[in-house]
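Undergrad: got a sequence here, can you build the structure:
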Amino acid sequence: MSERAAVLEQDTDIDHDRRVLILAPTKKDAIITQALLIPAGVPGEICESLSGLIAELEVGAAAVLIAEELVASGGTNPLAEMIANQPPWSDLPVLVLTRPGADSGNVDEALRTLGNVTLLERPLRVATLMSAVQTALRARARQYQIRGHLEERVNSENALRIADQRKDEFLATLGHELRNPLAPMQAGLQLLKLGNLSDPRCVRAVEVMERLLQHLVRLVDDLLEVSRITRGLVEIRKEPVDVNGVLRTAIETSRPLVDANKQELTIDLPPQPLCVSGDQDRLTQVFANLLNNASKYTETGGHIAVSAASVDGWAEVSVRDDGIGIPASRLATVFDMFTQVDRSDRRAQGGLGIGLTLVRSLVSMHGGQVEARSDGPSMGSEFIVRLPEVAARAEAQPYDSRTDRFPPCRILIVDDNHDAAETLGMLLSELGATIDVAHNGPDALRALNTFEPDAMLLDIGMPGMDGYEVSRHVRSSNHNGVLLIALTGWGQHDDRERSKRAGFDHHLVKPPDIDRLRSILVARTASANVADATKRIR
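TA: Predicted coordinates for the structure are as follows:
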């Protein structure tokens, strides 16, 4: 910005956006023109040269009034360049005072290079000049309105971006803070289930607490999951899978809720495999969410029906209920985040309104479609998921079941939360593992030599030496072969990437999925056995 532009920009008494910049053939012409504009309340700024006019344009102007004589070949190049580089909202009016008679080369040059040009032939009537100036000012005012709308939009987008970033940070912190107490609660309940509970009241209490705990874990997972999906951070690992097997697993997952509500569940699956290319865990999540939703909005003793079929190259799954139904006006919005059909209904209090958003996002990531149907309030609902079938049905992978016991292994649990570490240690001991516990980084490193673990379950957010630092020490020591598993309340994509860079083999969130932990250790044990056998053969 020129020195003149900087000075004018500080002058709050001048409305720069309404100025008409005047570059006349003579000083006298410029003064007369400026005087004509004053009664109309139009500020005119006399420019003594083309470079001076360019400097004033940097500050702001509504229009430019320039004489034809000053539009000499090559002489207007700086002005033409500036006009060519206007922002998208701008179309600067340029009023060119022409000499009487035939068109000249200067006029042709102005029309070709200066954009929004109006020709005013001299001698010029005052009314004609004022009419042209007022027209230019009105056009420029509309452009400024567009500029204002664009600036508001940019500001709104920036505010939304900052709010979205803060939301993600809040969700990550919320997930961490909620998962930490959930972990020892879940381990404690599983320990109680492994014990011999003789009092029926205790058995019932454990069942209730376990169901409610699973509900809390699911709410936390869904809340964080929908944030990751909307930011495109969820990876779908596709392979041929049998929809029938996925549905059976989803039904097993939702069965406790259906049974607790004393609802009748009917299942109609085809006898032959129904194969799609998809992620088993994610598809199970889709159908479990739909089943949970159906049970939640269906009265005690109601009916839920699950069916699957091959329809025109699509695997079509229906989850139907005879519950509260959906008004026609809400069918188009039931998949929107934080939307619930009727928040005044007591059954709407058990969720956050994000389950169906997850369903739609995950189905879309599989190249499928999901549709909601209902005949209206109290008429039940039906959700139909369509996924593209794949031809190689024989390649469909069965949904695996895992043994209950852990393989023989030595596990070092490292967590500054004593409750979490000790309850998890007791649970894993009951499942067949040999356990030692440390509550900080230095104790964990000392236990490497005294306990010699096969695997370490490491909390990340420990004070002093955190899990990342412990992992790096392990990887640089003689115990580099220890299986390192991050066990933490931090589960965002960036957290997983950081743990991988620090040397962790796996990243689990609290409370840990015991089946997944078992499968990790089974795979590690099998790999170690193969390595030992290879050494003996050699």
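Undergrad: what secondary structure does the residue lying closest to Glu207 once chain neighbours are set aside sit in?
TA: In this structure, Glu207 finds its nearest non-sequential neighbour in Pro256, 8.0 Å apart by C-beta to C-beta, 6 or more residues apart in numbering. To be clear about C-beta, it is placed using only N, CA and C from the backbone, and glycine gets the same treatment. At Pro256, secondary structure determined by DSSP: H, G, I helix; E, B strand; the rest coil is helix.
Undergrad: could you pull up the residues touching Pro256?
TA: If you count contacts by C-beta atoms under 8 Å, 6 or more residues apart in numbering, Pro256 has them with Glu207, Arg211, Gln214.
Undergrad: could you report the neighbour count for the first one?
TA: Okay, so that is Glu207. 14 (other C-beta atoms under 10 Å).
Undergrad: against Thr135, how distant is it?
TA: Distance, Glu207 to Thr135, by C-beta to C-beta, to the nearest Å: 80 Å.
Undergrad: outline the domain layout of the chain.
TA: With domains defined by automatic domain parsing, the chain comprises 3-124, 167-228, 238-395, 410-537.
Undergrad: quickly, which of those bottoms out on average pLDDT?
TA: Out of these, domain 167-228 stands lowest, with a mean of 74 (criterion: mean pLDDT).
Undergrad: and that one, how far from the chain's centre?
TA: In this view, domain 167-228 has its centroid 25 Å away from the chain centroid, taken as C-alpha atoms, centre = their mean, to the nearest Å.
Undergrad: among the domains of the chain, which is nearest Gly148?
TA: For these, proximity to Gly148 was assessed by C-beta to C-beta; domain 3-124 is nearest, at 9.1 Å.
Undergrad: how far off centre is the closest one?
TA: 49 Å.
Undergrad: swap in stretch 127-136?
TA: The chain centroid and the centroid of stretch 127-136 are separated by 52 Å under C-alpha atoms, centre = their mean.
Undergrad: quick one, helices of the stretch 201-350 of the chain?
TA: Shown for the stretch 201-350 of the chain, the helices assigned by DSSP state H, counting those that start in this stretch span residues 243-260, 280-296.
Undergrad: among those, which is nearest Val64?
TA: Once these are compared by C-beta to C-beta, helix 280-296 is nearest, at 60.8 Å.
Undergrad: then that closest one to CSV, C-alphas only?
TA: Extracted in CSV, the C-alpha atoms of helix 280-296 (Å, rounded to 0.1, in the frame of the first residue of the first chain):
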residue,chain,number,x,y,z
GLN,A,280,-17.8,-56.7,9.5
ASP,A,281,-17.4,-54.6,12.6
ARG,A,282,-18.9,-51.4,11.0
LEU,A,283,-21.9,-53.3,9.5
THR,A,284,-22.5,-55.0,12.8
GLN,A,285,-22.6,-51.5,14.3
VAL,A,286,-25.1,-50.4,11.7
PHE,A,287,-27.6,-53.2,12.4
ALA,A,288,-27.1,-53.2,16.2
ASN,A,289,-27.9,-49.4,16.2
LEU,A,290,-31.1,-50.1,14.2
LEU,A,291,-32.1,-52.9,16.5
ASN,A,292,-31.4,-50.8,19.6
ASN,A,293,-33.4,-47.9,18.1
ALA,A,294,-36.3,-50.2,17.3
SER,A,295,-36.3,-51.6,20.9
LYS,A,296,-36.0,-48.2,22.5
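Undergrad: name the residues of it that are buried.
TA: Going by neighbour count (16 or more other C-beta atoms under 10 Å), the buried part of helix 280-296 is 280, 282-296.
Undergrad: what angle do that helix and helix 243-260 make?
TA: 30 degrees (axes from the mean of the first three to the mean of the last three C-alpha atoms, to 10 degrees).
Undergrad: could you look up the SS state of the residue of the chain positioned farthest from its centre?
TA: For the chain, the largest distance from the centre (C-alpha atoms, centre = their mean) belongs to Gly101, which lies 65.2 Å off. Classification of Gly101 using three-state DSSP returns coil.
Undergrad: from Val522, how far off is it?
TA: Distance from Gly101 to Val522, by C-beta to C-beta: 96 Å.
Undergrad: follow-up on the earlier one: for the contacts of Pro256, give me TSV that also has distance to Phe335.
TA: As requested, the contacts of Pro256 are exported to TSV (distance: C-beta to C-beta, whole Å):
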residue	distance to Phe335
Glu207	32
Arg211	26
Gln214	24
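Undergrad: now, which of those sits nearest Leu37?
TA: Gln214 (76.8 Å).
Undergrad: how about the closest one: what's its closest non-neighbour residue?
TA: Pro256 (7.6 Å).
Undergrad: contact partners for Val94?
TA: Taking C-beta under 8 Å, 6+ apart as the test, what Val94 contacts is Ala63, Val64, Ile66, Ile83, Ala110, Leu114, Gly115, Asn116, Val117, Thr118.
Undergrad: what do you get for Asn440?
TA: Val414, Asp416, Met462, Pro463, Gly464, Met465.
Undergrad: other residues contacting stretch 267-276?
TA: Surrounding stretch 267-276, the residues in contact under the criterion C-beta under 8 Å, 6+ apart are 240-244, 247-248, 251, 283, 305-310, 315, 366, 387-390, 392-396.
Undergrad: is the closest residue to His366 other than its chain neighbours in a bridge, and if so with what?
TA: Closest residue to His366 apart from its sequence neighbours, by C-beta to C-beta, 6+ apart: Gly278 at 5.0 Å. Going by DSSP bridges, Gly278 is paired in beta bridges with Glu239.
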